[in-house]
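K.L.:
structure for this input, please:
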Amino acid sequence: DVKLMSFGFSNPFDPLSTEKKARQSTIMRGPMASGVIQRLATDTDWGDLDYLVVDFPPGTGDIQLTLAQTLQFASALVVTTPQRLAHVDVVKGIDMFDKVNVPVVGLVENMAHLDVNCECGKSPQRIYPFGQGRTQTLVELFGLENKVVQLPIMSQISEHGDRGDPVVLSDSTQLRELRDSYLQISQMVVKNTKEIIEAKALHGKATPQVDYDDAASTITLTKFNGEKIHISAQTLRRKCKSAGNTNPELVSASVKVNDIQPRGNYAVSIAWSDGHNSIFPYDAIESTAAAAAAETCDS
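P.N.:
Numbering: from 1, shown residues only. As a prediction, the model looks like this:
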């Protein structure tokens, strides 16, 4: 069973009604809206639940912060679109969840592509109305490899929703790929959330440890199994993939780390003594260290 609570139930809004009262929207300031949403979440008789899913409005304001601090979310799923501006908001959202200790376990790119049928009878042509490739940047920044699902532009999604007949319940063969995408989202969230909960139970935290030894100018990644992976600060600084790293070969051997902070659940932000800032997924630190060690052996 799926249970639902919405403010719309207490304040129905009918834009087509001829009665003014039925067309009145509710206008509330931030603190009042936060209080209402908090009551919807905490005062509702949910009964026994496997999962409580909260659909946040866009932004990083009072509502998001209040609920994140009140409900102690196990994880968050970020939904975006391909536009550059939307991706800026994703970075802000991941940073916000990071500050309130809510791990981001996946990313959904909505309206990612459109399949257009050709009159010639050939297979549909896939086009990208809002561009493509920007989501890969987020994947590399925050270590979200294999944690991204792209959803297409399809009129059937809204048509089924308006009828109260979600596409996930449709048996249409034309919607099989779409159904599989929604199933992939749910499986991704459940799997990654479970791994985080288990990691916290076993290790007291959900992320590996990254430390810097100033005397040795070495960065160390300590994995959950206790394995320590070492890499020189200069080598890692040179391997930064950000656009600002224009001349990596000129990075000084004396470069140091000023600060290391987690970014999301799968990466760290490193502030360098030369003024540069990098974001490295934990997997990237490990693979870069392995590649550097291999080069040393070859030489």
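
K.L.:
quick one: low-confidence parts of this structure?
P.N.:
Flagging of the chain using pLDDT under 70 yields the residue ranges 11-25, 30, 121, 298-299.

K.L.:
now the strands for it?
P.N.:
76-80, 104-109, 114-116, 125-127, 148-150, 209-213, 218-222, 228-232, 257-263, 267-272, 277-281 (DSSP state E).

K.L.:
distance to A294 added to the ones you listed, as a markdown table?
P.N.:
C-beta coordinates here come from the backbone N, C-alpha and C atoms, glycine included. Formatted as a markdown table, the strands of the chain follow (distance: least, C-beta to C-beta, whole Å):
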| stretch | distance to A294 |
| --- | --- |
| strand 76-80 | 35 |
| strand 104-109 | 31 |
| strand 114-116 | 42 |
| strand 125-127 | 38 |
| strand 148-150 | 29 |
| strand 209-213 | 21 |
| strand 218-222 | 17 |
| strand 228-232 | 12 |
| strand 257-263 | 23 |
| strand 267-272 | 23 |
| strand 277-281 | 19 |
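
K.L.:
so what does the helix ranked longest in the chain touch, helix or strand wise?
P.N.:
Secondary structure assigned by DSSP state H gives helix 176-203 as the longest helix of the chain. The helices and strands touching helix 176-203, judged by 3 or more C-beta pairs under 8 Å, 6 or more residues apart in numbering; DSSP states H and E, are strand 104-109, strand 148-150.

K.L.:
chain center to stretch 67-76, what's the gap?
P.N.:
Centroid displacement of stretch 67-76 relative to its chain, using C-alpha atoms, centre = their mean, to the nearest Å, is 15 Å.

K.L.:
name the residues of it that come out as buried.
P.N.:
Going by neighbour count (16 or more other C-beta atoms under 10 Å), the buried part of stretch 67-76 is L67, A68, F73, A74, S75, A76.

K.L.:
ok, now stretch 278-294?
P.N.:
Those would be S278, I279, F280, P281, Y282, A284, I285, E286, T288, A289, A292, for stretch 278-294 by 16+ other C-beta under 10 Å.

K.L.:
go on, stretch 149-169?
P.N.:
In stretch 149-169, counting by 16+ other C-beta under 10 Å, buried: V149, Q150, L151, P152, M154, I157, H160, V167.

K.L.:
tell me how far the ends of it are from each other?
P.N.:
19 Å (C-alpha to C-alpha, to the nearest Å).

K.L.:
picking up where we left off before, can you list the buried residues of stretch 278-294 in CSV and add distance to K239?
P.N.:
Formatted as CSV, the buried residues of stretch 278-294 follow (distance: C-beta to C-beta, whole Å):
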residue, distance to K239
S278, 9
I279, 12
F280, 8
P281, 12
Y282, 14
A284, 8
I285, 9
E286, 12
T288, 5
A289, 10
A292, 8
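
K.L.:
out of those residues, what pair is the most spread apart?
P.N.:
The most widely separated members of the buried residues of stretch 278-294, counting by C-beta to C-beta, are I279 and A292 (18.9 Å).

K.L.:
okay, now the closest residue in space to P31 that isn't next to it in sequence: neighbour count?
P.N.:
Among residues not flanking P31 along the chain, D62 sits closest, at 6.3 Å (C-beta to C-beta, 6 or more residues apart in numbering). Neighbour count for D62, taken as other C-beta atoms under 10 Å: 16.

K.L.:
how far away is D62 from T222?
P.N.:
Distance, D62 to T222, by C-beta to C-beta, to the nearest Å: 37 Å.

K.L.:
same deal with A233?
P.N.:
16 Å.

K.L.:
before we move on, what about G93?
P.N.:
28 Å.

K.L.:
do R179 as well
P.N.:
41 Å.

K.L.:
who has more neighbours out of these two?
P.N.:
R179 (16 against 13).

K.L.:
in contact with the nearest residue to that one once chain neighbours are set aside, which residues?
P.N.:
Using C-beta to C-beta, 6+ apart and skipping the chain neighbours, the partner closest in space to R179 is V168 (5.5 Å). Neighbour list for V168: R179, Y182, L183 [criterion: C-beta atoms under 8 Å, 6 or more residues apart in numbering].
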